[in-house]
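**Student:** Sharing a model that was predicted from the sequence below.
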Amino acid sequence: MTALSPILQQATPVIVDHASGSWIVGTDGRRYLDFTTGIGVTSTGHCHPRVVAAAREQVGSIIHAQYTTLLHRPLLELTEKLGEVLPDGLDSVFYANSGSEAVEASIRLARMATGRPNIIAFHGGFHGRTVAAASLTSAGTKFRSGFSPLMGGVHLAPFPYAYRYGWDVETAVDFALRELDYLLQTVSSVADTAAFIIEPVLGDGGYLPTPPRFLEGLRERADRHGIVFILDEVQAGVGRTGKFWGHQHSAATPDVLITAKGLASGFPISAIAASTELMSKAWPGSQGGTYGGNAVAAAAAVATLDVVRDEGLVENARIRGVELASGLARLGQEFGQVGDVRGLGLMQALEFTTDAGEPDADAARAVQQAAIDQDLLLLTCGGYGNVVRVVPALTVTADEIDEGVRRIGAAMKVGL
Ligand code: PLP
């Protein structure tokens, strides 16, 4: 008999029957509050009626027309809609299916545009699992060791992880910028460096907001040295942090912006945005794929952007995020094992530590497991695996946040 691969057998014991909004109903008949959203994907909640209707309608008109051969209406509509929310100057968009593919496309673009080989990424970053994306990823050894050699030309620089260094944020930013300058003068010279790539909030790396001054420091160095500044908004984009884009908590704007996950509420599509001038440095054939910019996924993305706007979901993420953060902060004070509580909008996290202040992955796993008994779905993350992240739908209500915090507290009582 054929079985799921061992990796898939490690998923939670919950088997989904159907889902709606913030709730998943298992084949066991239990109703779970979903604070995982398919790792930050089902932005408008599960099966939002407008997204479902748009996808259904699209399936009946055209499903696939390979986009470097034939264009279709949903892709043109999506490009127009993205134009309403993209930062000024990023007026050219390309599409792929996943975050990793978009990351790879941005790396190819930066190398073609600059003629330089090296990419600088940051400790704790997660950019995907394809070989090039994994090379930029350092949010834990499991994402890169054992199957190397990975792509060459990558240098990893310190991220200002203030809590773990035991510093204040400003000191951590000064340190990380100094280390970056040292790297640019010694190991990866300016003449060899094509791009910086960073997330506005480290996702798998532990839900660590990138300090605004660090993003601004990268922007300034990118301008000074002709380096392409790539912002990976795959997880933080489309309203999740309480601004449409995660980097909008700072004054920095990117040369290339990558988005995926929440863009289409669960349909696989990603977008790479840049200026026309930069995008025109990619020659025909260098970017693309059979399924990129699929018509059904593009129609779902158009509906998602409409719902985000019409239902005020960016503002909802901001307000519910404040409520969630204060609920988690209360739990942090109640339980000694919580070293740090942090996040932006609806990307919030609890970092667990031992009495000696060391990362405690067992505690995070125990809370995640105990939450299942409370009919609550949670995820862990962090380079050390010691962080529980809370990622509700952007449609989450105040009552659902209250209920979720209550269940997290109950899970911590049992699990810790
Ligand atoms: N970049 C970031 C910030 C992510 O969080 C992820 C996925 O979690 C990726 C890239 C890779 O996306 P995908 O899994 O769709 O390839």
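**Tutor:** Thanks, I have the structure now. Here the structure is a predicted model, which is why all the values come from computation and not from measurement.
**Student:** any idea what sits nearest the most centrally placed residue in the chain, other than its immediate chain neighbours?
**Tutor:** For the chain, the residue nearest the mean C-alpha position is residue 235 (1.6 Å; CA atoms, centre = their mean). When the adjacent residues along the chain are set aside, residue 235 lies closest to residue 203, with 3.9 Å between them (CB to CB, 6 or more residues apart in numbering). In this view, the C-beta of every residue, glycine as well, is placed from N, C-alpha and C.
**Student:** Run through who's touching the helix or strand that contains residue 103.
**Tutor:** Assignment of secondary structure by DSSP states H and E places residue 103 within helix 99-114. Surrounding helix 99-114, the residues in contact under the criterion CB atoms under 8 Å, 6 or more residues apart in numbering are 94, 96, 117, 119, 127-130, 132-133, 136, 194-195, 197, 226-228, 230, 232, 234-235, 256, 258-261, 270-272, 274, 278-279, 281-283, 286-287, 289, 292.
**Student:** Identify those among these that sit within helices.
**Tutor:** Cross-referencing the contacts of helix 99-114 against helices under DSSP state H gives 132-133, 278-279.
**Student:** ok, those residues vs the ligand, which is closest?
**Tutor:** residue 133 (6.3 Å; CB to the nearest ligand atom).
**Student:** Please enumerate the helices of the stretch 1-150 of the chain.
**Tutor:** 6-9, 37-40, 49-59, 73-85, 99-114, 131-135 (DSSP state H, counting those that start in this stretch).
**Student:** Any chance of a markdown table for those, columns distance to the ligand and mean neighbour count?
**Tutor:** What follows is those, written out as a markdown table (distance: least, CB to the nearest ligand atom, whole Å; neighbours: other CB atoms under 10 Å):
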| stretch | distance to the ligand | mean neighbour count |
| --- | --- | --- |
| helix 6-9 | 14 | 8 |
| helix 37-40 | 6 | 22 |
| helix 49-59 | 18 | 17 |
| helix 73-85 | 17 | 18 |
| helix 99-114 | 2 | 24 |
| helix 131-135 | 6 | 21 |
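**Student:** By residue count, tell me the biggest helix in the chain.
**Tutor:** helix 313-334.
**Student:** Now do that one against helix 73-85, angle only.
**Tutor:** Our comparison of helix 313-334 with helix 73-85, counting by axes from the mean of the first three to the mean of the last three CA atoms, to 10 degrees, yields an angle of 70 degrees.
**Student:** Quick one: residues in contact with helix 313-334.
**Tutor:** The list of residues contacting helix 313-334 from outside it, by CB under 8 Å, 6+ apart, reads 43-44, 239-244, 307-308, 338, 340-341, 343-350, 390, 392, 394-398, 401-402, 404-405, 408-409, 412.
**Student:** Need the buried ones from those selected in PyMOL.
**Tutor:** PyMOL command restricting those to the buried ones, with burial defined by 16 or more other CB atoms under 10 Å:
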select buried, resi 43+44+239+240+241+242+243+244+307+308+338+340+341+343+344+345+346+347+348+349+350+390+392+394+395+396+401+404+405+408+409+412
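**Student:** Of the contacts of helix 313-334, which are in range of the ligand?
**Tutor:** Among the contacts of helix 313-334, no residue is within reach of the ligand (CB under 6 Å from any ligand atom).
**Student:** quick one: which of the contacts of helix 313-334 sit in helices?
**Tutor:** With helices identified by DSSP H, the entries of the contacts of helix 313-334 that belong to them are 307-308, 398, 401-402, 404-405, 408-409, 412.
**Student:** Taking the stretch 251-400 of the chain, what residue is nearest to the ligand?
**Tutor:** In the stretch 251-400 of the chain, the residue found nearest to the ligand is residue 260; the distance is 5.2 Å by CB to the nearest ligand atom.
**Student:** ok, back up a step: the helices of the stretch 1-150 of the chain into a markdown table, with extra columns for distance to residue 383 and mean pLDDT?
**Tutor:** As requested, those are exported to a markdown table (distance: least, CB to CB, whole Å; pLDDT from 0 to 100):
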| stretch | distance to residue 383 | mean pLDDT |
| --- | --- | --- |
| helix 6-9 | 20 | 90 |
| helix 37-40 | 17 | 98 |
| helix 49-59 | 34 | 98 |
| helix 73-85 | 31 | 98 |
| helix 99-114 | 19 | 98 |
| helix 131-135 | 14 | 97 |
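**Student:** Would you mark the buried spots in the longest helix of the chain?
**Tutor:** 313-314, 316-318, 320-321, 324-325, 327-328, 331-332.
**Student:** quick check, nearest of these to residue 90?
**Tutor:** Of all the buried residues of helix 313-334, the one sitting nearest residue 90 is residue 314; the distance, using CB to CB, is 18.0 Å.
**Student:** number of nearby residues for the residue of the stretch 251-400 of the chain closest to the ligand?
**Tutor:** Here the count is done by other CB atoms under 10 Å, and residue 260 has 29 residues near it.
**Student:** what does the chain have sitting close to the ligand?
**Tutor:** By CB under 6 Å from any ligand atom, the part of the chain that sits against the ligand consists of 39, 98-100, 103, 126-128, 199, 203-204, 232, 234-235, 260.
**Student:** Helix, strand or coil: sort out residue 155 for me.
**Tutor:** In terms of secondary structure, residue 155 is strand; the call rests on DSSP: H, G, I helix; E, B strand; the rest coil.
**Student:** What about the contacts of helix 99-114, which are in strands?
**Tutor:** With strands identified by DSSP state E, the entries of those that belong to them are 94, 96, 119, 194-195, 197, 228, 230, 232, 256, 258-259, 270-272, 274.
**Student:** Only whichever of the residues you listed are buried, select them in ChimeraX.
**Tutor:** Restricted to the buried members of the ones in strands among the contacts of helix 99-114, where burial is judged by 16+ other CB under 10 Å, the ChimeraX selection command reads as follows:
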select :94,96,119,194,195,197,228,230,232,256,258,259,270,271,272,274
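**Student:** so which of the ones in strands among the contacts of helix 99-114 comes closest to residue 28?
**Tutor:** The shortest gap between residue 28 and any of the ones in strands among the contacts of helix 99-114 belongs to residue 270, at 33.5 Å (CB to CB).
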